[in-house]
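>>> Here's my sequence, what's the structure:
(2 chains)
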Amino acid sequence: MRFALLVAVVSLIFATGIGPAVDQAKPKTHTVTMEGMRFHPDELTVAPGDTIVWVNEDLVPHTATSQAAGFDSRQIEAGKSWSFKASKKGDFPYVCTLHRKMKATLHVASAAP
Amino acid sequence: MKISTMAVASLFLLPAASVSAQSVSDAQIASIVVTANQVDIDAGKLASTKATSPEVKSFGQLMVTDHTSVNKSAVDLATRLHVTPEDNPTSQSLKADGAKNIANLKTLKGAAFDKAYVDREVTYHQQVLDAVDTVLIPNAKNEELKALIVKVRPAFVSHLEHAKQLQSAMAR
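Residues are numbered from 1 along each chain as shown, chains lettered A, B, ... in the order given. Alright, predicted model coming up:
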């Protein structure tokens, strides 16, 4: 019984201790909402390999389009989402091609927060 | 031409003015929302085929896309809430004015068509926004219906700004 408890405690320590180190290497998923005819956040820094999910919370379709970064969601209908895996490093401005005043920038850098 | 434009504009000012004094039910609000969207879809369809300027054409197409999407959400919500849109003087005026606008636009061609369509879009979106703020939001009783109208407001503001930008580009 005592041994079982010890094993449980040790595995818990290992699990929590090792967990964060593994997480840092793991690609992350970031969410950008399209709401009130804006991108939230309008500046986002990610690491190469991370995934960005654009969620359309508005009642009209939107797009997330960047010529420089080479992504184009096409129309994301109201209530739907679209994701993109970042690979190329750099600063990529993007727009909604339907509503050109909707602008934001995706930064793909090694030292993502 | 100036007189007829003014006459149409003054006619259009009537619905919101007359309705602001009275209280409207959720069923009537649902009808106003659906009609207001449909009127702009109809005009947008015409502009997307008949406009000369590519910018005006694509604005017309955007109005079809956006207002169709908004109407889908509005109809879905009304169905879910078991609210049957109820015809009322405001929705009837919107419909009648929309039909008059289409009839007027069909008589025009080229730059005259583009100008008339864009001018009307500016007036229309301003008018709809006024109705949203003074009639629809204050009178909506169901919270989800009210939330839908609040949520759609920024899109209408964006359309108004877009139309104004086209209007000032044409004046140059």
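>>> Now the helix or strand encompassing B:Tyr124: buried residues?
Using DSSP states H and E, B:Tyr124 maps to helix B:110-131. Going by neighbour count (16 or more other CB atoms under 10 Å in any protein chain shown), the buried part of helix B:110-131 is B:113-125, B:127-129, B:131. Heads up, the C-betas are built off the backbone N, CA and C, glycines and all.
>>> can you list the residues of chain B near chain A?
Residues of chain B lying near chain A by CB under 8 Å from any CB of the partner chain: B:62, B:65-66, B:69-70, B:72-73, B:148, B:151-152, B:154-155, B:157-158, B:161-162.
>>> From those, list just the buried residues.
With neighbours counted using 16+ other CB under 10 Å, the residues of chain B next to chain A contain these buried positions: B:62, B:65-66, B:69-70, B:73, B:148, B:151-152, B:154-155, B:158, B:162.
>>> Give me the distance from stretch A:104-113 to the chain's centre.
10 Å (CA atoms, centre = their mean, to the nearest Å).
>>> Is any residue of that stretch near chain B?
No - residues of stretch A:104-113 are not located near chain B by CB under 8 Å from any CB, the shortest gap being 15.4 Å.
>>> before we move on, the earlier item: mean confidence (pLDDT) on the helix holding B:Tyr124, please.
When the per-residue pLDDT values of helix B:110-131 are averaged, the result is 97.
>>> same for it, what does it pack against?
Helix B:110-131 is packed against helix B:2-20, helix B:26-50, helix B:54-80, helix B:89-106, helix B:143-171, with contacts defined by 3 or more CB pairs under 8 Å, 6 or more residues apart in numbering or on different chains; DSSP states H and E.
>>> any idea which of those is most buried?
By mean neighbour count, with neighbours taken as mean count of other CB atoms under 10 Å in any protein chain shown, helix B:26-50 ranks first of those at a mean of 22.
>>> Mind giving me the packing neighbours of that helix?
Applying 3+ CB pairs under 8 Å, 6+ apart, one finds that helix B:26-50 contacts helix B:54-80, helix B:89-106, helix B:110-131, helix B:143-171.
>>> can you list the ones you listed in TSV and add distance to A:Val95?
Rendered in TSV, the data for the helices and strands packed on helix B:26-50 read as follows (distance: least, CB to CB, whole Å):
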stretch	distance to A:Val95
helix B:54-80	14
helix B:89-106	30
helix B:110-131	22
helix B:143-171	13
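>>> if we can go back for a sec, quick one: distance of the helix holding B:Tyr124 to the chain centre.
9 Å.
>>> Which SSE is immediately downstream of that helix?
Going down the chain from helix B:110-131, the next helix or strand is helix B:137-139, by DSSP H and E.
>>> Quick check: buried residues in that next one?
B:Ile137, B:Asn139.
>>> what does stretch A:51-61 give?
Counting neighbours by 16+ other CB under 10 Å, one finds that the buried residues in stretch A:51-61 are A:Ile52, A:Trp54, A:Val55, A:Asn56, A:Asp58, A:Leu59, A:Val60, A:Pro61.
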